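Undergrad: Give me a 3D structure for the following:
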Amino acid sequence: ENHIKSLALGDINNNDNSDEEIDEDNNDARTKYNIGTDSCIQPSDFHDFLLFDKEPSVVAPAEKNKLSSLLTDKTIEALAFPHLFPDGKGSFDEEREIKIKWKEYCKTRLFSSDSRFAADSSYIFFLQYLGDLKQVYSGINIAFRKKLPINAKQTLDDTQMKFLMNKDMIYR
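TA: Numbering: from 1, shown residues only. Now for the predicted structure:
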């Protein structure tokens, strides 16, 4: 009964578990070395992020090679994470008999019995980033189709597309 009263009054000196908890905190590497946990901080307005990179990046690719977008490169996932795709196969863009959607692919990777994918925080953030990019570009394409009476032939004309983009007619 005295033990319960002392705990109720906040006397932690009589608590046998307090030393164990202190040792546990001291042994935790994150606390001991002030290491932060993984986080994913992205801008709340993704449009601002896209506008932020107005300066072109100057990169000298190998001879006759062209730069490609993250969304158009079919091998980016396997190349970026060789420890998860040691044979270079099994990524989202690989040919399959039955096509799966992006969200289903992500769920399968993260909740499968193979825990390598779910344990790699860089891979999880990579999936989220690509998903966000896909969503932004999809929204742009939908807005583009809704606002302008334009056909496929007109979209291939570079001068017309530059004119529309310069006048902000695509995004109105």
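Undergrad: For the longest helix anywhere in the chain, enumerate the helices and strands it packs against.
TA: Secondary structure of the chain read by DSSP state H shows that its longest helix is helix 121-147. Using 3 or more C-beta pairs under 8 Å, 6 or more residues apart in numbering; DSSP states H and E, the elements in contact with helix 121-147 are helix 46-52, helix 102-111, helix 116-119. For the C-beta atoms, the positions are set from N, CA and C on the backbone; glycine is no exception.
Undergrad: what's the angle from that helix to helix 102-111?
TA: Per axes from the mean of the first three to the mean of the last three C-alpha atoms, to 10 degrees, the angle that helix 121-147 makes with helix 102-111 is 170 degrees.
Undergrad: which parts of helix 121-147 are buried?
TA: Neighbour-count burial for helix 121-147, counted by 16 or more other C-beta atoms under 10 Å, picks out 123-124, 126-127, 130, 133.
Undergrad: can you check stretch 98-116 too?
TA: By 16+ other C-beta under 10 Å, the buried positions in stretch 98-116 come out as 105-106, 109.
Undergrad: Show the average pLDDT along it.
TA: Across stretch 98-116, pLDDT averages out at 91.
Undergrad: what's that stretch in contact with?
TA: Stretch 98-116 has contacts (C-beta atoms under 8 Å, 6 or more residues apart in numbering) with 83-84, 92, 117-118, 123-124, 127, 130-131, 134.
Undergrad: let's go with 10 Å and repeat that
TA: Around stretch 98-116, the neighbours that count as contacts under C-beta atoms under 10 Å, 6 or more residues apart in numbering are 77, 81, 83-85, 90-93, 96, 117-120, 123-124, 127-128, 130-131, 134-135.
Undergrad: How about stretch 83-97?
TA: 71-82, 100-102, 104-106, 108-109, 114, 116-117, 119-120, 122-123, 127, 130.
Undergrad: Using CSV, write out every CA atom in stretch 81-95.
TA: The C-alpha trace of stretch 81-95 is given here as CSV (Å, rounded to 0.1, in the frame of the first residue of the first chain):
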residue,chain,number,x,y,z
PHE,A,81,18.4,0.6,-55.9
PRO,A,82,20.7,-2.2,-57.1
HIS,A,83,20.6,-3.8,-53.6
LEU,A,84,16.8,-4.3,-54.0
PHE,A,85,17.0,-5.3,-57.7
PRO,A,86,20.3,-7.3,-58.0
ASP,A,87,19.4,-8.7,-61.4
GLY,A,88,17.8,-5.5,-62.6
LYS,A,89,14.3,-7.1,-62.9
GLY,A,90,11.0,-6.6,-61.1
SER,A,91,10.7,-2.8,-61.3
PHE,A,92,7.4,-1.1,-62.0
ASP,A,93,8.1,-0.3,-65.7
GLU,A,94,9.0,-3.9,-66.6
GLU,A,95,6.7,-5.7,-69.1
